[in-house]
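> got a sequence here, can you build the structure:
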Amino acid sequence: MPEHIRTQSRDGIFTVTIDRPASKNAVNGPCAHELYQAFKYFSEEKTLKVAVLTGANQTFCSGADLKGVAKDADSNPLVAESDIGPMGPTRLDTGKPVIAAVEGFAVAGGLELALWCDLRVVAEDATLGVYCRRFGVPLIDGGTVRLPRLIGQSRAMDLILTGRPVKADEAMAIGLANRLAPSGQALAYAETLAEELMKAPQQCMRNDRQSVLEQWSLSTEEALMNEFRHGLNTMNSGEALAGAQAFNRGTGRHGQR
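Below you'll find the model as predicted:
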């Protein structure tokens with residue numbers, strides 16, 4: 001059984017909770033591997049449609065466990081496997097949507113975990129930031145890549161160079177947060193959002209998601225062809241035809257589900 005995280009599967013939603021209260025949910029080596037294994041399971045389990053990542057005790061994640069690193073340089077080693085990062089799943093593509101439910105602090109490596117997720121639901125009193133700047137700890141879980149892609153290089157450079165705190169309202173304004181929730185309600189809001197995503201035809205949604213993620217390394221022409229290939233995959237799955245037939249019967253018109 002995992003020692004540092006909790007998982008729950010319910011009606012296609014897979015909730016992963018970092019639970020290390022003594023360290024404000026900081027991630028050490030064993031915790032990173034547990035997170036990786038949990039999301040690897042999510043990626044392979046066909047009954048699971050959407051995942052939610054959160055933290056226990058009103059804190060998302062305070063980053064890497066620097067106290068552990070200070071005591072033992074090997075407590076959270078840099079790993080070379082292709083799809084596992086120092087914080088765990090940050091090099092893994094699950095193939096399905098993951099939503100971060102952020103309460104309290106999502107800073108340093110914790111911010112990188114939130115950036116790895118497809119969407120971020122942020123409590124109104126939460127704080128995000130590159131707090132590792134003050135300790136000389138680098139961003140090595142995708143922070144220098146995903147943050148500028150999400151909010152633009154100028155804003156990302158401000159946060160990365162200064163390490164300043166970002167409150168929820170600013171996070172929402174700059175595109176770092178996708179939804180705001182009342183304090184203590186981020187997980188509930190994230191799970192409601194997950195339920196909405198599960199109502200969509202899954203093959204189409206996943207293929208469109210994949211096209212978005214893959215286009216960054218491609219030229220415009222290559223990206224358009226890649227999008228077309230994913231679209232053909234969806235068409236060949238029968239989902240598009242079923243959707244067109246449902247529309248013809250009157251389902252889903254005027255923006256209704």
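> run through the strands of the stretch 101-250 of the chain in chain order.
Shown for the stretch 101-250 of the chain, the strands assigned by DSSP state E, counting those that start in this stretch span residues 105-107, 119-123, 127-129, 166-167, 179-181.
> what is the first one packed up against?
Same thing as strand 105-107. Strand 105-107 makes packing contacts with strand 127-129 when contacts are defined by 3 or more CB pairs under 8 Å, 6 or more residues apart in numbering; DSSP states H and E. From N, CA and C alone the C-beta is placed, and that goes for glycine too.
> output the lengthiest helix in the chain as CSV, restricted to C-alpha atoms.
Assignment by DSSP state H gives helix 220-237 as the longest helix of the chain. Only the C-alpha atoms of helix 220-237 are listed here, as CSV (Å, rounded to 0.1, in the frame of the first residue of the first chain):
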residue,chain,number,x,y,z
THR,A,220,2.6,24.4,-38.5
GLU,A,221,2.3,22.1,-41.5
GLU,A,222,3.3,19.1,-39.4
ALA,A,223,0.9,20.0,-36.6
LEU,A,224,-2.0,20.4,-39.0
MET,A,225,-1.3,16.9,-40.5
ASN,A,226,-0.9,15.5,-37.0
GLU,A,227,-4.3,17.0,-36.0
PHE,A,228,-5.8,15.5,-39.1
ARG,A,229,-4.4,12.0,-38.2
HIS,A,230,-5.9,12.3,-34.8
GLY,A,231,-9.2,13.4,-36.3
LEU,A,232,-9.3,10.4,-38.7
ASN,A,233,-8.7,8.2,-35.7
THR,A,234,-11.8,9.7,-34.1
MET,A,235,-13.8,9.4,-37.2
ASN,A,236,-12.8,5.7,-37.7
SER,A,237,-13.8,5.0,-34.0
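> secondary structure class for residue 99?
Secondary structure assignment for residue 99 (DSSP: H, G, I helix; E, B strand; the rest coil): strand.
> mind checking how far it is from residue 115?
13 Å (CB to CB, to the nearest Å).
> between these two, who's got more neighbours?
residue 99 (28 against 23; other CB atoms under 10 Å).
> and the helix or strand containing residue 40, what other elements does it pack with?
Element membership for residue 40, per DSSP states H and E: helix 29-44. For helix 29-44, the packing partners by 3+ CB pairs under 8 Å, 6+ apart come out as strand 5-10, strand 13-18.
> and the angle from the last one to helix 29-44?
Here the directions of strand 13-18 and helix 29-44 differ by 170 degrees (axes from the mean of the first three to the mean of the last three CA atoms, to 10 degrees).
> and strand 13-18, which strands flank it?
Neighbouring strands of strand 13-18 in its sheet, by DSSP bridges, are strand 5-10 (antiparallel), strand 50-55 (parallel).
> list of residues touching the last one?
Counting by CB atoms under 8 Å, 6 or more residues apart in numbering, the neighbours of strand 50-55 from elsewhere in the structure are 12-19, 25, 39, 42, 60-61, 94, 96-104, 110, 113-114, 117, 186-187, 190-191, 194, 197-198.
> buried subset of these?
Buried members of those, counted by 16 or more other CB atoms under 10 Å: 13-19, 25, 39, 42, 60-61, 94, 96-104, 110, 113-114, 117, 186-187, 190-191, 194, 197-198.
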